[in-house]
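Student: Output the structure for:
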Amino acid sequence: VQLVESGGGLVQPGGSLRLSCAASGFTFSSFVMSWYRRTPGKERELVATITPSGISTSLVDSVKGRFTISRDNAKNTVYLQMNNLKPEDTAVYYCNAKLSVFRVYEYWGQGTQVTVSS
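Tutor: Presented below is the predicted three-dimensional model:
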């Protein structure tokens, strides 16, 4: 099982980035996919979630109107489009896959750094 994030980097406030998470080794289309982020000294925060079909999404209030989560089940990839980035969005962003059926199957990526700074 692998979740490989990409697309992080340094961006100025107001800029945009698109994170990608490529999955392999499991049935991607059956899993709820999420993006989390963590900054030093803070708890890990759930940023966005998308259902297996992609029909339903949810976002934490602080990113609503700026971030969009989407997925392409044909490519086994989930995306996080981040617009109008703010310094407080600086964090390591992690991709998460979760399926709860009889037991919980949960996988994590290695994380990608996003830094918003002028």
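
Student: Tell me which residue of the protein is furthest from the middle?
Tutor: Most distant residue from the mean C-alpha position of the chain: residue 102, 25.3 Å away (C-alpha atoms, centre = their mean).

Student: Show the pLDDT at that one.
Tutor: pLDDT, residue 102: 90.

Student: And for residue 42?
Tutor: Listed pLDDT for residue 42 reads 89.

Student: hang on, it is in a strand, isn't it?
Tutor: No - Residue 42 sits outside any strand when classified using DSSP: H, G, I helix; E, B strand; the rest coil, being coil.

Student: Quick check: the gap between it and residue 88.
Tutor: Counting by C-beta to C-beta, to the nearest Å, the separation of residue 42 from residue 88 is 11 Å. (C-beta placed from N, C-alpha, C; glycine too.)

Student: Backbone dihedrals for the residue farthest from the centre of the chain, please?
Tutor: Backbone geometry at residue 102, expressed as degrees, to the nearest 10, gives phi 60, psi -40.
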